[in-house]
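Asker: Using only what follows, build the 3D model:
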Amino acid sequence: VQLVESGGGLVQPGGSLRLSCAASGSIFSIGIMGWYRQAPGKERELVATMHLEGHTNYAGSVKGRFTISRDNAENTVHLQMNNLQHEDTAVYYCKADAIIAAWGTPIPGSWGKGTQVTVSS
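Answerer: Next up, the predicted model:
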């Protein structure tokens, strides 16, 4: 399964960005899709995840500002980021887990290559 992110860029504090991630391959379903981020000198951390049935999980630092959504038919996941702050600057990675292949067996989870989000005035 390949994941390709898009939508990163440079934005001023208080601005918004929308990230998208598209999964491709022989996929029947993806149980969990989500976003992680890694800032320079820091470990990769969870931003938000969304289960196939709609359950969401957010990092405390982004609750109320970021919204995750997904299109199960298209195997895409989006992250709407509002009121961005300097501390949101990071490379954002898409992740897919609990994948069922088209032939019905589980396959390993996958990471995208990341998209840079820079919040700066």
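Asker: Walking through the protein, point out its strands one by one.
Answerer: According to DSSP state E, the chain carries its strands in the segments 2-6, 9-11, 17-24, 27-38, 45-51, 56-58, 66-71, 76-81, 90-101, 106-107, 110-111, 115-119.
Asker: mind checking how far the worst-scoring helix or strand of the chain on mean pLDDT is from the chain centre?
Answerer: Lowest by mean pLDDT, DSSP states H and E among the helices and strands of the chain is strand 106-107, with a mean of 92. Its chain's C-alpha centre and that of strand 106-107 lie 20 Å apart, by CA atoms, centre = their mean, to the nearest Å.
Asker: before we move on, the earlier item: export the strands of the chain to TSV and tack on mean neighbour count?
Answerer: Bear in mind the C-beta positions are built from the backbone N, C-alpha and C, glycine included. TSV is the format used below for those (neighbours: other CB atoms under 10 Å):
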stretch	mean neighbour count
strand 2-6	17
strand 9-11	14
strand 17-24	19
strand 27-38	19
strand 45-51	19
strand 56-58	15
strand 66-71	18
strand 76-81	22
strand 90-101	20
strand 106-107	14
strand 110-111	16
strand 115-119	18
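Asker: Since that was my last question, I'll sign off now.
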